[in-house]
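In: task: produce atomic coordinates for the following.
(one chain, ligands or ions: 1)
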Amino acid sequence: MAEAGLRVCRSEELLERGLGVQWELRYCGMEERAFALRIDGRVVAYLNRCAHVPTELDWQPNEFLDSERKYILCAVHGAVYSPATGACVMGRCGRAGLIPVAVAEVDGEVHWYPSAHIQPLPEAPSSAPELAPAP
Ligand code: FES
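Out: Down below sits the predicted model:
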């Protein structure tokens, strides 16, 4: 991958088909959240954005999977996605599916990788230097 990875979490924080871990980023210039899950041993990540209406998917904080831990389920109208690929399986998600975010595990940590449309948030400006009192 061309750009350096950015830390998401420790690998052990993502349990097999457990809760997701979210972080903020910019997608086409807009602030969005992404989430990572561990599926069949592999970490996958997507924008937290339904393909039907661009609202967040999780029905409880960081809870993306259905009760059987088989599919990603949209909390709003119940669209169903494959967690392994992000493809729409059923419902109003259409052909587009979820938007993937590149991730990899490196030395026990999960990293994500920016792309042309998915970028980190700009750095928060550091606090302004204190001005010296006027003489
Ligand atoms: S907003 Fe997700 S299915 Fe409608």
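
In: what pairs with the residue positioned nearest the centre of the chain across the strands?
Out: The chain has Ala34 as the residue nearest its centroid, 1.9 Å off, counting by Cα atoms, centre = their mean. Counting by DSSP bridges, Ala34 is bridged to Trp23, Leu47.

In: let me know the pLDDT of it.
Out: At Ala34, the model reports a pLDDT of 98.

In: can you tell me how far it is from Ala4?
Out: Ala34 sits 17 Å away from Ala4, going by Cβ to Cβ, to the nearest Å. The C-beta positions use only the backbone N, C-alpha and C, and glycine is treated the same way.

In: same check, this time on Ala36
Out: 17 Å.

In: who's more crowded, the two?
Out: Ala36 (23 against 8; other Cβ atoms under 10 Å).

In: surely the more buried one is in a strand?
Out: Yes - the assignment for Ala36 is a strand, going by DSSP: H, G, I helix; E, B strand; the rest coil.

In: give me the phi and psi for the closest residue to it other than its chain neighbours.
Out: Distance criterion Cβ to Cβ, 6 or more residues apart in numbering; nearest residue to Ala36, sequence neighbours excluded, is Ala45 at 4.2 Å. When quoted as degrees, to the nearest 10, the phi and psi of Ala45 stand at phi -150, psi 150.

In: close enough to count as contact, Ala45 and Phe35?
Out: Yes - taking Cβ atoms under 8 Å as the definition, Ala45 is a contact partner of Phe35 at 6.6 Å.

In: between the two, point out the one with more neighbours.
Out: The residue with more neighbours, out of Ala45 and Phe35, is Ala45; 27 against 24, by other Cβ under 10 Å.

In: ok, now which ones touch that one?
Out: Val8, Ala34, Phe35, Ala36, Leu37, Pro100, Val101, Ala102, Val103, Trp112 (Cβ atoms under 8 Å, 6 or more residues apart in numbering).

In: now do Ser11
Out: Shown in contact with Ser11 (Cβ under 8 Å, 6+ apart): Val43, Glu105, Gly108, Glu109, Val110.

In: great, nothing more from me.
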